[in-house]
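Chemist: Whatever this is, show me its structure:
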Amino acid sequence: MCGRFSISLAPEDMSEMFAAVAANDMPDIPNFNVCPTDAVHTVTHQRGQRWLTPMRWGFIPHWYKTPTEGPLLINARAETIAEKPAFRAACRERRAVIPASGFYEWTREGDTRLPWYITRSDGAPLVFAAVWQEWAPKDPNGDRIRTAAIVTTAANAPMSAIHHRMPVVLEPEDVALWLGEKGKGAATLMRAAPHDALKWHRVDAAVNSNRASGPDLINPIGT
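Modeler: Sure, this is the predicted structure:
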């Protein structure tokens, strides 16, 4: 799964990286502890243009009466995304990408949760496959909320030593297909990253708290 990540890439760099028009109300950067329900940077393709806009991390199905009525859907499983009522329309019509610098995962040693920080081996930003939905409250005077979920798949062999799931990590050349700019075939991208694509190191347990912040969160233990 992917339940926490970091982003230190400036919005103007994201805009250039994806050739996207950036909104004015982007989330603060850097953020070394992006948590569920936080606003995240997303890239979509709409009206013939790519857009870099903020969305709530935590997909809200259209039938929820309130944002907290049901489970918090931060991830969408690649194996079932096309059939699940919450995600099947978004999988066809509303795909996005979410840039990140790295993400966190945990192993256990007895009752202790041990955090790991995972990045691309080549040092480039991560690009997560995602789906999105605009949720509208029953009250016509209420605020509409754009929400997103990160697509996950079974972990590759190296990553499975830490967790059995991993986010779908797209290569730059795959972004156009995922966003629907190159027609059909996006389902072929919902696979584990190559074995050598990612690297990781242990970090301090301070990140176990969703209130933790600061660049020290991603430092290897002992540095």
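Chemist: List the contacts of the lengthiest helix in the chain.
Modeler: What stands out as the longest helix in the chain, according to DSSP state H, is helix 11-18. Contacts of helix 11-18 with the rest of the structure, by C-beta atoms under 8 Å, 6 or more residues apart in numbering, involve 9, 20-22, 26, 29, 41, 43, 50, 52, 97, 99, 125, 175. From N, CA and C alone the C-beta is placed, and that goes for glycine too.
Chemist: ok, now with 7 Å
Modeler: Residues outside helix 11-18 that contact it (C-beta atoms under 7 Å, 6 or more residues apart in numbering) are Ala22, Met26, Ile29, His41, Val43, Arg50, Leu52, Pro99, Val175.
Chemist: Likewise for stretch 138-148?
Modeler: 40, 42, 55-60, 65, 67, 96, 98, 130-136.
Chemist: Pull out the buried members of these.
Modeler: 40, 42, 55-60, 96, 98, 130-133, 135 (16 or more other C-beta atoms under 10 Å).
Chemist: Looking at those residues, point me to the pair that's furthest apart.
Modeler: Farthest-apart pair in the buried ones among the contacts of stretch 138-148 is Ile98 and Trp135; separation 17.5 Å (C-beta to C-beta).
Chemist: and Leu72, how many neighbours?
Modeler: Number of residues near Leu72 (other C-beta atoms under 10 Å) recorded here: 14.
Chemist: My read is that it contacts Trp57, right?
Modeler: No: using C-beta atoms under 7 Å, Leu72 is not in contact with Trp57, being 9.3 Å away.
Chemist: Mutual contacts of these two, please.
Modeler: Joint contacts of Leu72 and Trp57 (C-beta under 7 Å, 6+ apart) are Pro36.
Chemist: Okay, and the beta partners of Arg165?
Modeler: With beta bridges defined as DSSP bridges, Arg165 has these partners: Ala154.
Chemist: what's the answer for Gln133, then?
Modeler: Thr147.
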